[in-house]
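Asks: predicted coordinates and the sequence they were generated for:
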Amino acid sequence: MSGELDTRLNAYRPDLADIALQGRVNAERFVAGEKRVVTDAVLDLRDHPAADSAVGTQALMGETVTVFDEADGLSWIQLDDDHYVGYVKSEGLGCPAADPTHIVTVPRTFIYQEADLRSPVRLVCSMGNRMKRIGAQTTRGTNYLTLESGGAVIADHIAPMPFAAADYVDIAALFLQTPYLWGGTSGFGLDCSGLVRLSMAMCGSIVPRDTDMQAADLGVEIDPGEGFENLQRGDLVFWKGHVAIAEDDHMAIHASGHSLQVVREPMKDAIERIARLYGSPTRVRRP
C-alpha cells in the first residue's frame with residue numbers, strides 16, 4: 001500500500017508516519033509532528049540519517065517545517081513549502097517565533113554583529129533567507145536593518161514580505177557562475193532544478209523540487225518545434241534528470257553538470273552536447 005506514495009513528498013517509514021497518511025500507508029505509529037523554523041542560513045536535507053547519505057534538497061532560514069522524529073542529533077522533517085521530506089541536523093532548527101518580515105533578494109549577503117560593514121560577520125546569508133526586522137540604523141551613509149535574531153543587514157539587500165519579483169528568468173540570471181551543487185537550492189550552490197525552484201520562489205511561486213516532478217506538473221506542455229524555434233522566455237526544456245531555462249528563443253540558463261556552474265549558453269549547444277550522453281530533450285513546459 002505504501003509503495004504508491006513518493007517518499008520524497010510523503011513522510012512515512014515502517015516505524016513512523018505522518019498522521020495525515022493514516023489509512024494510506026503502513027506504519028507502526030502515526031504522529032502529527034511539531035512545527036519548527038530553520039535557523040541556519042542553509043540546512044541540508046539528507047535522504048537517510050547516515051552521514052554519507054546524499055543531500056536531496058536544502059531548506060533556507062525562516063522556512064517552517066514539521067518534525068516527526070528526533071534522535072541522535074537529527075530530525076526527520078517535512079518542509080512546509082514544497083513538502084520535501086528528509087533528515088536534518090536538529091541544531092539547525094528552532095521554535096517558531098514571530099513571522100519574518102523581510103527576505104533576502106540578492107544572491108548572497110551578510111548579517112553583521114553591528115550596523116557597520118566593518119563589524120564582524122554573524123552569518124553569511126543566501127537569497128531566500130527570511131528574517132524579522134526590529135529597527136533601522138545608518139552608518140557612514142549606508143542603511144541597515146536591525147534584526148530580532150541579532151545583528152544587522154544592509155537594507156538594500158532585503159525586501160519586505162510578501163515579496164514577488166516580476167521575472168523568474170531575471171532572478172536565475174543573477175546566479176551565473178554560481179557553483180553547481182547536487183541538492184543545492186541556495187546562492188552558495190545550485191543544481192538544475194534547484195535553480196528553477198529558487199528563482200520561481202522569489203517570484204511568489206512554490207514549484208516542485210526535483211526535475212521529474214517539474215517535468216510532470218509545472219505549467220503546461222508545449223510543442224517547441226522541430227528546431228526548438230517555438231521557445232519563449234521562461235520555457236523549461238527537460239531531459240531525463242536535467243532542466244534548462246529558455247532566456248529567449250535561442251539562449252539558455254541552467255546549472256550545468258558539464259561546466260559545474262550556472263551558465264548562459266545557446267540552447268542548441270546545450271541540446272547537442274547533452275544528447276551525446278543522455279539523449280534529446282524529453283519535454284518542454286511553459287510555466
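Replies: Sure, I can see it. Numbers count the residues shown, from 1 in each chain.
Asks: what domains does the record give for the protein?
Replies: 2-94, 102-160, 168-286 (automatic domain parsing).
Asks: now the ones you listed in a markdown table, with mean neighbour count and mean pLDDT?
Replies: In this view, the C-beta of every residue, glycine as well, is placed from N, C-alpha and C. Formatted as a markdown table, the domains of the chain follow (neighbours: other C-beta atoms under 10 Å; pLDDT from 0 to 100):
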| stretch | mean neighbour count | mean pLDDT |
| --- | --- | --- |
| domain 2-94 | 17 | 96 |
| domain 102-160 | 17 | 98 |
| domain 168-286 | 19 | 97 |
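Asks: tell me who's in contact with the closest residue to residue 37 other than its chain neighbours.
Replies: In space, and not counting its chain neighbours, residue 37 is closest to residue 96: 4.9 Å by C-beta to C-beta, 6 or more residues apart in numbering. Taking C-beta atoms under 8 Å, 6 or more residues apart in numbering, we find residue 96 in contact with 35, 36, 37, 64.
Asks: among those, which one lies nearest to residue 202?
Replies: Distance to residue 202 across those (C-beta to C-beta) is lowest for residue 64, with 17.6 Å.
Asks: show me the contacts for that closest one.
Replies: 35, 36, 37, 38, 80, 81, 96.
Asks: hmm, 10 Å instead?
Replies: 35, 36, 37, 38, 79, 80, 81, 93, 96, 99, 100, 130 (C-beta atoms under 10 Å, 6 or more residues apart in numbering).
Asks: before we move on, what about residue 51?
Replies: residue 74.
Asks: ok, it to residue 89 distance?
Replies: Distance, residue 51 to residue 89, by C-beta to C-beta, to the nearest Å: 10 Å.
Asks: roughly how far apart are residue 101 and residue 159?
Replies: As judged by C-beta to C-beta, residue 101 and residue 159 stand 10 Å apart.
Asks: follow-up on the earlier one: okay, and the common contacts of residue 51 and residue 89?
Replies: Common contacts of residue 51 and residue 89 (C-beta under 10 Å, 6+ apart): residue 74.
Asks: what pLDDT does residue 1 get?
Replies: For residue 1, the pLDDT comes out at 48.
Asks: centre-most residue in this structure?
Replies: Nearest to the mean C-alpha position of the chain, counting by C-alpha atoms, centre = their mean, stands residue 185 at 3.6 Å.
Asks: what's near enough to touch it?
Replies: 42, 45, 55, 57-60, 82, 84, 126, 128, 191, 193-198, 201, 209.
Asks: out of those, which sit inside strands?
Replies: 42, 45, 55, 57, 58, 59, 60, 126 (DSSP state E).
Asks: and residue 270, what does it touch?
Replies: 237, 239, 242, 244, 251, 252, 253, 254, 256, 258, 263, 281.
Asks: just those now: which is nearest residue 274?
Replies: residue 239 (5.6 Å).
Asks: hmm, back to that, residue 36 versus the residue nearest to residue 37, what's the distance?
Replies: Residue 96 is 7 Å from residue 36, by C-beta to C-beta.
Asks: joint contacts of those two?
Replies: 64, 65.
Asks: before we move on, back to that, nearest to residue 27 among the contacts of residue 270?
Replies: residue 242 (34.2 Å).
Asks: list the beta-bridge partners for the closest one.
Replies: Under DSSP bridges, the beta-bridge partners of residue 242 are residue 239.
Asks: need the contact list for it.
Replies: Residue 242 neighbours (C-beta under 10 Å, 6+ apart): 191-193, 211, 215, 254-258, 270, 274, 278, 281-282.
Asks: repeat that for 7 Å
Replies: When contacts are counted by C-beta atoms under 7 Å, 6 or more residues apart in numbering, residue 242 touches 192, 211, 274.
Asks: check residue 78 too.
Replies: Counting by C-beta under 7 Å, 6+ apart, residue 78 has contacts 11, 65, 66, 85.
Asks: re the thing from before, nearest spatial neighbour of the residue nearest to the centre of the chain, chain-adjacent residues omitted?
Replies: In space, and not counting its chain neighbours, residue 185 is closest to residue 194: 4.0 Å by C-beta to C-beta, 6+ apart.
Asks: so how far is residue 126 from that neighbour?
Replies: For residue 194, the distance to residue 126 - C-beta to C-beta - is 11 Å.
Asks: ditto for residue 145
Replies: From residue 145 to residue 126 the distance is 17 Å (C-beta to C-beta).
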